[in-house]
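Student: sequence and predicted model, in that order:
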Amino acid sequence: MPAQLLSHWLDYLALLLINTLWCLPLWGWLLVISAYAKSVQLIWALGGPIAVVFAERLVSDQGHIKDWIMQHCTPITRSVDISDHLFSINMLSALIAGAAMVGLAILLRGRADEL
C-alpha cells in the first residue's frame, strides 16, 4: 500500500499550528522579557513564573498556576487527541494570555528608547 505522504504532512502542519497557539503564552512572555529587561534577561524570564508559583504555594495548597504554566511550556504530542485541546478552556486561556503578552511586548517596544 502506498504511503499517505500528503495526509501525514498535513497532519504535521496542523499539529505545528496548534502547538504554536498552545505555546503562545511562553513565546509572549519571552517577547515581553526581551522588550522590558535591559540586562539579565534569563533571570527575569525564569524569576517571574517562579515567583508566581511560589506566591501561589504560600496562599493555597493548589498548584493550578504551576500546572497551567507547565502545560503550556510543553507542546502537544501526536498521541493526544488534538480536538480535545483545540476546543478547550485551556486553549482559550492560552490565546488570551498569549495575545495580551504579545500586545504588551509591542507596546514596550514602541516606547523603548533607542541608542
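Tutor: Looks like it arrived, so ask away.
Student: other residues contacting the helix or strand of the chain at the bottom of the mean pLDDT ranking?
Tutor: The least trusted helix or strand in the chain, going by mean pLDDT, DSSP states H and E, turns out to be helix 82-86, with a mean of 75. Residues outside helix 82-86 that contact it (CB atoms under 8 Å, 6 or more residues apart in numbering): 14, 15, 18, 22, 76, 91. All C-beta spots, glycine's among them, are computed from the backbone N, C-alpha and C.
Student: okay, the fifth one: pLDDT?
Tutor: This means residue 76. On pLDDT, residue 76 comes in at 80.
Student: before we move on, back to that, pull out the buried members of the contacts of helix 82-86.
Tutor: Buried by 16 or more other CB atoms under 10 Å: 15, 18, 22, 76, 91, out of the contacts of helix 82-86.
Student: okay, the contacts of helix 82-86 in TSV with distance to residue 67 next?
Tutor: Listed next are those as TSV, based on distance: CB to CB, whole Å:
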residue	distance to residue 67
14	25
15	22
18	19
22	14
76	15
91	15
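Student: now render the buried ones among the contacts of helix 82-86 as JSON lines, adding secondary structure and distance to residue 100.
Tutor: Formatted as JSON lines, those follow (DSSP: H, G, I helix; E, B strand; the rest coil; distance: CB to CB, whole Å):
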{"residue": "15", "secondary structure": "helix", "distance to residue 100": "25"}
{"residue": "18", "secondary structure": "helix", "distance to residue 100": "20"}
{"residue": "22", "secondary structure": "helix", "distance to residue 100": "16"}
{"residue": "76", "secondary structure": "coil", "distance to residue 100": "21"}
{"residue": "91", "secondary structure": "helix", "distance to residue 100": "15"}
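Student: may I ask which of the residues you listed comes out lowest in pLDDT?
Tutor: Lowest pLDDT among the buried ones among the contacts of helix 82-86: residue 76, with 80.
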